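**Q** Make a model of this:
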Amino acid sequence: MEILLAVLTMILMPQFIPDEMIEKVSFAELPEVCAAAYDPFQRKEREAVNTDVIRFDFDGDSKKELIVWNGDSGSGGEGWVIFKELKPGKWTRIGEVFGLLSLVKHQMHNGLLVCSPNGWDSAKWQFYELEREKLVCRYEVSVKYRKPIREKPESLSIKILP
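**A** Predicted coordinates:
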């Protein structure tokens with residue numbers, strides 16, 4: 001239950017991933033399966049040669065998973081695909097999210113907190129952990145704010161998922 005308190009703290013005082021944690025990595029340097037996550041239409045239109053990558057150890061095994069921007073973006077955030085290296089050089093897709101990202105580090109619970117804004121006065125937050133090589137959503141928190149631009153929470157609705 002301590003992880004839920006850490007998640008709620010981050011929701012009440014959001015700290016999204018700082019720019020210095022996001023690397024620009026060329027598609028040629030990425031494992032093929034990771035590079036393929038970038039939307040082919042967007043890649044061609046933008047003449048993209050690289051994408052944003054965040055390295056984060058979800059499961060505490062001292063090997064960082066890759067969170068790769070898939071080229072999608074909008075007013076509610078960006079699309080990200082998460083990959084894990086199962087054995088040297090063998091990467092697999094373990095999940096996908098869309099929104100504004102925060103990384104949660106708390107004792108044995110590392111995870112990804114994703115904010116999906118819904119207009120000026122509400123947002124849905126989801127907390128994900130890695131379980132058996134899959135990204136699993138543990139909590140969904142809906143927040144209603146009393147002041148526009150998602151300031152000063154008025155109410156929270158917490159859903160604990162199996």
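**Q** Please make it C-alpha for all contacts and neighbour counts, starting now.
**A** Noted.
**Q** tell me, how many neighbours does Glu47 end up with?
**A** Per other C-alpha atoms under 10 Å, the neighbour tally for Glu47 reads 9.
**Q** Identify the residues contacting the nearest residue in space to Ile17 that is not next to it in sequence.
**A** Ranked by C-alpha to C-alpha, 6 or more residues apart in numbering and with sequence neighbours excluded, the top spatial neighbour of Ile17 is Ser102, at 5.3 Å. Residues near Ser102 by C-alpha atoms under 8 Å, 6 or more residues apart in numbering: Pro14, Gln15, Phe16, Ile17, Leu112, Leu113, Val114.
**Q** what about the helix or strand where Ser102 lies, distance to the chain center?
**A** In the assignment (DSSP states H and E), Ser102 maps to strand 90-106. Mean-position distance between strand 90-106 and its chain equals 4 Å (C-alpha atoms, centre = their mean, to the nearest Å).
**Q** The most centrally placed residue in the chain: what's it in contact with?
**A** Nearest residue to the geometric centre of the chain (C-alpha atoms, centre = their mean): Leu101, 4.5 Å. The contact partners of Leu101, by C-alpha under 8 Å, 6+ apart, come to Phe16, Ile17, Leu112, Leu113, Val114, Cys115.
**Q** ChimeraX command to pick out the buried ones of the contacts of Ser102?
**A** To isolate in ChimeraX the members of those that are buried, counting by 16 or more other C-alpha atoms under 10 Å, one can use:
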select :112,113,114
